[in-house]
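**Q** How does the following fold in three dimensions:
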Amino acid sequence: MSIDRLDWDTLRVFRVVAELSSMSAAAARLGESPPTISRKIDDLEKSLGTHVFLRSTRGVELTHLGKQVLRHVHSMADAAETLRRETAQAGAVVTGSITLRTADGLGPYWIAARLSQFHKANPKVQVRMIVGDTEPDLQDEGAEIAISCSETRPQGVIAHKLGVQHYVGFASASYLAEFGKPENIHDYHKHRCILHTSYVHQVERLAPRMSELRRMADFAFITNSATAIAETCAQGGGIAILPSFMSVLDPRLVTLELPELAPVRFWINYTERVRRLPQGAALIDWIRLLFELPEATWFADDFIHPRGYEQKVQELHPGKRRDI
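**A** The predicted structure is shown next:
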């Protein structure tokens, strides 16, 4: 086996092809032509003296040796990322601006609330946050990084799952004292309900419970502002449908003792072009780590009712205090 011709660029291409099981898809993601990708895979196989992919009309599949190579390439990528972070911490200053597009709620209440942490490590990076309900086009140069709730994405867009938002009902203590607590989802029609416009647009795909609620409930207030929903609910305006983590952000909100209404998965999306930007890589890495912290237990696949959140954090992360 000759390894003289091996380089990281070739191995990086191999890693993307393995992830997508397609040379044409890898070419689109990396911004290269399919013949160039095919040539680099051929060079890799010549250097190793064996095939790493089985090719067919359906795409490519890793050989047994190819799987072993991929494990080593993953380790190399991890080592390179560690090196990048350590050298950045040693004094390399990342500069520039980067745009993050996100839906109302998660972006303003969870990510923006912690941006000071990002700027401590990256004081020269300008973050532009654009909040909206529509899915951005990351192939457009004006869109760079997006938090998306859509499972489908165009070719060339890289996605990593960040977590699940669990939507539950909230009310104020004064509202519950006057109107009582709903005992189950069928009681919602007896109450004034508050809903975000994005839920109206997405309700059929969110969850059966939300779809059922949309048909039976009397929504007294519908808005595109999570802040308006939280404030109206806190002032006794009705029952609001909000992400479960809002229970610790606003103590005026009382979580209803009912199951969740909808689990909504969300991803961070970006292109290879943005990943190559130092400021893009910095924000992407920081956001991904943000949802791995102990307090991000809110976004686990399994629903954790706010009353059991702190205990769950202690179970999963012994010795960690709740830090919201």
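
**Q** drop to CA atoms for contacts and neighbour counts, all remaining ones
**A** Will do.

**Q** can you give me phi and psi for L100?
**A** For L100, the backbone dihedrals are phi -110, psi 120 (criterion: degrees, to the nearest 10).

**Q** beta partners of it?
**A** Counting by DSSP bridges, L100 is bridged to M129, I145.

**Q** those strands in the stretch 101-250 of the chain, which residues are they?
**A** 125-131, 145-148, 157-171, 192-196, 218-223, 239-243 (DSSP state E, counting those that start in this stretch).

**Q** so what does the helix or strand containing V17 touch, helix or strand wise?
**A** Using DSSP states H and E, V17 sits within helix 8-20. Applying 3 or more CA pairs under 8 Å, 6 or more residues apart in numbering; DSSP states H and E, one finds that helix 8-20 makes contact with helix 23-30, helix 34-48, strand 59-62, helix 64-89.

**Q** Format those as a markdown table; extra columns: mean neighbour count, mean pLDDT and distance to D7.
**A** Shown next, in a markdown table, are the helices and strands packed on helix 8-20 (neighbours: other CA atoms under 10 Å; pLDDT from 0 to 100; distance: least, CA to CA, whole Å):
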| stretch | mean neighbour count | mean pLDDT | distance to D7 |
| --- | --- | --- | --- |
| helix 23-30 | 21 | 87 | 16 |
| helix 34-48 | 17 | 90 | 9 |
| strand 59-62 | 18 | 89 | 20 |
| helix 64-89 | 14 | 76 | 11 |
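
**Q** Export those to a markdown table and append columns for distance to E257.
**A** Listed next are these as a markdown table, based on distance: least, CA to CA, whole Å:
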| stretch | distance to E257 |
| --- | --- |
| helix 23-30 | 45 |
| helix 34-48 | 55 |
| strand 59-62 | 49 |
| helix 64-89 | 43 |
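
**Q** Nearest to E151, out of these?
**A** helix 23-30 (17.2 Å; CA to CA).

**Q** Give me the residues contacting the closest one.
**A** Helix 23-30 is contacted by residues 13, 16-17, 20, 33-34, 37-38, 59-60, 155-158, 271-273 when judged by CA atoms under 8 Å, 6 or more residues apart in numbering.
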